[in-house]
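In: the following block contains a protein sequence and its predicted model.
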Amino acid sequence: MGVSSRLFQFRAWFGRALLAGILVTAQAGAFAAIALFTVPNGLDGVEGDSASSLPFGDTAACSNGFRYQQVINGDQGVFGTIGSIAFRLDGGAAPIGPLTYGNATVTLSSTDLDAASLSPNFDENVGLDRQVVWSGDLQIDAATSAMGTNPFDIVVVDGGGFMFGDEGDNLLIDIVVENCPLGAAFFMDAVAGTDATSGMFSGNADSESGSPAQGLVAEVVASTPPPVPPLYNCPTVGAGDGLGRGIYLTDFPIDQLGRVTLTYRVNTPGRYRVELTARQGAYDGAVIGSIDRVFEIEDETQPEPVTFDFRNASVAPGSTVTFSQRVIFQPEGSSIFFDVGDGPCADVFETNGTTPPLDSIRNDHAAITVTPSSADSRLLGLGGNWSVVDRAAEGFMIDVTDLGQLVAIWFTYDDDGTQMWLIGTAQQFEDSGVGMALFRTDGPTFEQIRQSGFDNSLIDIEPWGRMYIRFQDCNAATVAWGSTIGYGEGDFEIERLYETESNLCR
């Protein structure tokens, strides 16, 4: 079955699903929101205001393949995981196809540039989170519509799965075709002078730059993660008990333990580290998992919700799950409490302590929310020494802090062959990919330190560029980088040599 026909079937089903008010099920008890976006907004049922034969034009415009880029501004509403992108014929065009554009590559990325600032230099437009979502021969088979508006049947992405919004606000579509069919000539539905979308085109696939082109009317299928309904939700009613008391949940409804949120209050601002252990059955039962979190409380009058992610650890459905808490460190002389619940909360109970027997319960309920871990929860335990594939003596030290920050130190070399360390920090690392600014430092010489001690005033922190890391699994990742001070840009693969975190990657 061809790409177009497969997408036709999906769109026909999806249109009926919208009319019937159906949402696509993503997991038990939750629904994924899937949406169709037409860019520019408002052109889903009418033609664009101009015609263009680019990028899939006649052979005169495709002397050595072609390269075309189109930016879609984020304010058009497109967000989430991009699963499909399609264009359509202009209303005055005749049906075309089937035509095969050989050895095509479609890359999606986020970009800081918009329709008004797209650069003629192709590589300057591509974001660091670039992802190839199509590779192979692209077949064009399109027909005009009897309804007056052509269907979006020129499909360039079908099931790409690109998560839009990792880095920047605007979506960039980058199409490279090496071989064009002979005699192809047809008009694409395009718009001129719009602030929603614009393009760059070159009739040579090897060209580094292009000329301004009209943005094509595009249809984008995007899905957003579903809201995860709580398995248990006992809301908070204020300051409660010390962490010496435990919590147990009866009749656990599914076979996995996900995210557990408790609310803490303290009498002294500062940094706290709390460990939450889950067991099957009673407090002497088999350990399901043990997670510790470090959190900062600046105002002792404000409650602090803290989430412990057990990442869907296996649980016997219908069993009892029991939690105990332990303070690993806290400010000297401080006290920490967890909130009690606004009972009665079905199947949620607070105990007198954290040792057997389990039935030594109090009348209070514990304030707790339990939800399944989302499918895109990031890998844990990625810290370690990572080496650039096929390169000796170049690599990274990567660490993920207790506060969810990712710190990366890139060991590489400058233009003189001298060792250079580039340092980047991402304040929030919550998915499989993360972007960050890179800096290099100069400071006092070794001799200055030996003679006069370390002088902080001699430290010079220089912005170097940006880097994006996407983790495929616990031991493999890709790195894309771009320098703002003349080192260029590029990408490569890295692999982990050894772990440095106590938690094994999972």
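Out: That came through fine.
In: going by C-alpha atoms from here, please, whenever you check contacts or count neighbours.
Out: Fine.
In: what is the strand ranked longest in the chain packed up against?
Out: For the chain, the strand reaching the highest residue count under DSSP state E is reported as strand 96-111. Here strand 96-111 touches strand 131-142, strand 154-164, strand 170-179, going by 3 or more C-alpha pairs under 8 Å, 6 or more residues apart in numbering; DSSP states H and E.
In: measure how the shortest one sits relative to strand 96-111, angle-wise.
Out: Direction vectors for strand 170-179 and strand 96-111, defined by axes from the mean of the first three to the mean of the last three C-alpha atoms, to 10 degrees, enclose an angle of 140 degrees.
In: mean confidence for the very next helix or strand once past strand 170-179?
Out: Later in the chain than strand 170-179, the nearest helix or strand by DSSP states H and E is strand 188-191. With pLDDT averaged residue by residue, strand 188-191 scores 91.
In: also stretch 118-129?
Out: In this model, stretch 118-129 has a mean pLDDT of 89.
In: ok, back up a step: need the helices and strands packed on strand 96-111 in a markdown table (columns: distance to F323 and mean neighbour count).
Out: Converted to a markdown table, the helices and strands packed on strand 96-111 look like this (distance: least, C-alpha to C-alpha, whole Å; neighbours: other C-alpha atoms under 10 Å):
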| stretch | distance to F323 | mean neighbour count |
| --- | --- | --- |
| strand 131-142 | 41 | 18 |
| strand 154-164 | 35 | 21 |
| strand 170-179 | 44 | 23 |
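In: low-scoring stretches of the stretch 51-200 of the chain, by residue?
Out: Along the stretch 51-200 of the chain, segments meeting pLDDT under 70 span 145-149, 160, 165-168.
In: and with 80 instead?
Out: 58-61, 79-80, 97, 143-150, 158-161, 163-169, 183-185 (pLDDT under 80).
In: just the buried residues of the longest strand of the chain, please?
Out: Judged by neighbour count using 16 or more other C-alpha atoms under 10 Å, the buried positions of strand 96-111 are 96, 99-102, 104-111.
In: what is the neighbour count of V46?
Out: By the measure other C-alpha atoms under 10 Å, the count of residues near V46 is 11.
In: shouldn't it be within a strand?
Out: No: according to DSSP: H, G, I helix; E, B strand; the rest coil, V46 belongs to no strand; its state is coil.
In: wait, Q428 touches G404, no?
Out: Yes: at 5.8 Å, Q428 and G404 qualify as touching, with contact defined as C-alpha atoms under 8 Å.
In: got the CA coordinates for stretch 97-113 in CSV?
Out: In CSV, the C-alpha atoms belonging to stretch 97-113 read as follows (Å, rounded to 0.1, in the frame of the first residue of the first chain):
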residue,chain,number,x,y,z
GLY,A,97,1.2,11.3,-10.7
PRO,A,98,2.3,8.9,-9.9
LEU,A,99,5.8,10.6,-9.9
THR,A,100,8.8,9.3,-8.0
TYR,A,101,11.3,11.7,-6.4
GLY,A,102,14.3,9.6,-5.7
ASN,A,103,16.5,9.4,-2.6
ALA,A,104,14.5,11.9,-0.6
THR,A,105,15.3,12.9,3.0
VAL,A,106,12.9,14.9,5.2
THR,A,107,14.3,16.4,8.4
LEU,A,108,12.2,18.2,11.1
SER,A,109,13.6,20.5,13.8
SER,A,110,12.7,23.3,16.0
THR,A,111,14.2,26.7,15.1
ASP,A,112,14.4,30.2,16.7
LEU,A,113,13.9,31.7,13.2
